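> Sequence and predicted structure are below.
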Amino acid sequence: MSIFDKLKKVPIKVDDNIVKTNNAKEFDLNIEKILENWEVYHAIREIIANALDEQILTNTKDISIYKSNDGWWHIIDFGRGLNYHHLTQNENEEKLTNDKLIGRFGVGLKDALATLYRHGIKVQIISKYGIITLKEASKSGFDDIITLHAQIAPPQNPNMVGTDFCLLGCNVDDIEKAKSLFLTFSGKNILEKNAYGEVIENSTNTADIYINGVKVAEESNFLFSYNITSLTAQLKKALNRERTNVGRSAYTGRIKDILKACSSEKVIDALVEDLQQFGSGNRHDELSWNDIAMHASIKMNQLHKDTTFVTTSDLQNKPSLIDEMQRSGYNPVVVPDNIISKMEDYNTGAKSGETLTTANQYIKDEKERFVPVEIDINALTVYEKEVYNITDSILKLIGGKPKNVKKIVIVEKIYESELFNETLGLWIAGENKILIKRKQLKSLEQYAGTLLHECAHAISGADDVSRDFELKLTEIIGIVSSKLIQYHQM
């Protein structure tokens, strides 16, 4: 009984193009199990993989795939030439010890031959060692058991270079589908390479996962596609005989290694941009891995020193701080709260110049970077002194100076850099003092408005709601205060 009897198979007649000779030898391929779910393209994939491996091992020119005028498809490599001994190995030691190759089991080629035979595809393997074709024959010592054999005829060209794998009966769709499983034929753009693999631009909704250039899985929510070129023990174990449906748990670790070794601006910018999508639900899976989110943030900080990292809570509750960041030339990037927490932990051990600028770090750096110079009251002009001396009268309007305000200071400027909006006053809770810019003393309305505004911060402990609100509030308070003071003086 043939192992193919249970499978639907198109009978093969010996083609006139197949060399027939009385000197042909044959041997049993000893195929114990047929991969019934394999289609023709799976078999062609194995042939292409074998050719690509030979190209790598021998450092020869690119393989060639084409259809000749007589209808045969040819998959040609320019290596050492295949001989029948390669069909007797269960595991190929040469491939097992080389992590850069696709094949590792040494049985893929035999699986391919069995699949092609089952689907009625005619095969010739031509090299300087001979011409191999397929036939069914009795198993040695068991006449009633029919198995697939390889028939080897003497070579036509003993000086031939490489191997010509010839197929008749497959169609262009089979070839193209097989080629689509290889990175080398995909036309995809490789963004960055490192010791662990390659990051590949993903232009579709589905990302592809490759191992040494052959596709093993798809991901529906990955930012990039990946080609893993350095295999872990876990990944080698998971890389099954069919090289399909490799689970995410097997390759996640290596993809993290690939990303953490990336430093190019194109990859890092894409990661950070995607990280900011956490609130919209459009964030890709790689950025849900905290170590990748942190790596992207650290690299972003190295590439763009003007980056600050804030949370949605910072945007809502500390708008004035965000304004100050922008005035100082920084670009706030919104990241999840848990990442900010990890950044704060990172900063505790970071060297000078390597800290990540979070809201807390920004405040700390600002204090260290610039200390406003207090102006001696005696250095003020006569009119400025007159306005300043009304301070107590202004504060009486709100019941006197707030208990937590220890000092009210006049300064020339509050921040070193004020690119967008000028800061006129500032409540510094940690030092219990209010800073007011000297220019506010030019007008009673301006000074009173700024003073009461900062007192409101001191009393409430709250941040500004928005810049527009702050300016309008200051204007109104100033007008009201001015009128009240004038009335009081009258």
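Thanks, I have it.

> got the contact list for the residue lying closest to residue 29 once chain neighbours are set aside?
With C-beta to C-beta, 6 or more residues apart in numbering as the criterion, residue 29 has its nearest non-adjacent residue at 5.1 Å, and that residue is residue 148. (C-beta placed from N, C-alpha, C; glycine too.) Contacts for residue 148 (C-beta atoms under 8 Å, 6 or more residues apart in numbering) come out as 3-4, 28-29, 31, 113-114, 117, 134-136.

> I'd like to know which of those is nearest to residue 336.
For these, the residue nearest residue 336 by C-beta to C-beta is residue 114; the value is 51.8 Å.

> Which secondary structure elements does the helix or strand harbouring the closest one sit against?
Element membership for residue 114, per DSSP states H and E: helix 108-118. Helix 108-118 sits against helix 40-58, strand 122-127, strand 130-139, strand 142-153, with contacts defined as 3 or more C-beta pairs under 8 Å, 6 or more residues apart in numbering; DSSP states H and E.

> Name the helix or strand of this protein that has the lowest mean pLDDT.
helix 93-96 (a mean of 59; mean pLDDT, DSSP states H and E).

> any idea which of the helices and strands packed on helix 108-118 scores lowest on pLDDT?
Mean pLDDT values for these show the minimum at strand 142-153, a mean of 85.

> ok and it relative to strand 122-127, angle-wise?
With axes from the mean of the first three to the mean of the last three C-alpha atoms, to 10 degrees defining the directions, strand 142-153 sits at 50 degrees from strand 122-127.

> tell me the mean pLDDT for the following helix or strand past strand 142-153?
Once strand 142-153 ends, the next helix or strand along the chain (criterion: DSSP H and E) is strand 163-168. The average pLDDT within strand 163-168 is 98.

> so how far is strand 163-168 off the chain centroid?
Centroid displacement of strand 163-168 relative to its chain, using C-alpha atoms, centre = their mean, to the nearest Å, is 39 Å.

> next SSE after that strand?
helix 172-179.

> partners of the helix or strand following that following helix, with directions?
Following helix 172-179 in sequence order, the next helix or strand is strand 190-193 (DSSP H and E). Within its sheet, and counting by DSSP bridges, strand 190-193 is paired with strand 197-200 (antiparallel).

> What residues sit buried inside the partner strand?
197-200 (16 or more other C-beta atoms under 10 Å).

> Pull the residues that contact the host helix or strand of residue 236.
Per DSSP H and E: residue 236 is located in helix 233-238. Residues outside helix 233-238 that contact it (C-beta under 8 Å, 6+ apart) are 104, 211, 228, 246-247, 250-251, 253-254.

> tell me the contacts of the closest residue in space to residue 208 that isn't next to it in sequence?
Nearest non-adjacent residue to residue 208, counting by C-beta to C-beta, 6+ apart: residue 225, 4.5 Å away. By C-beta under 8 Å, 6+ apart, the contact set of residue 225 is 188, 199-202, 207-210.

> In CSV, could you pull the C-alpha coordinates for the helix holding residue 236?
C-alpha atoms of helix 233-238 as CSV (Å, rounded to 0.1, in the frame of the first residue of the first chain):
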residue,chain,number,x,y,z
ALA,A,233,16.7,28.9,22.7
GLN,A,234,13.0,29.4,23.3
LEU,A,235,12.5,30.6,19.7
LYS,A,236,14.5,27.6,18.3
LYS,A,237,12.3,25.3,20.2
ALA,A,238,9.1,27.0,19.0
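
> what comes up buried for that helix?
Buried positions in helix 233-238, judged by neighbour count with 16+ other C-beta under 10 Å: 235, 238.

> where's it relative to the chain centroid, distance-wise?
Centre-to-centre, helix 233-238 and its host chain are 22 Å apart (C-alpha atoms, centre = their mean).

> Helix or strand next in line after that helix, which one?
Per DSSP H and E, the first helix or strand lying C-terminal to helix 233-238 is helix 248-260.
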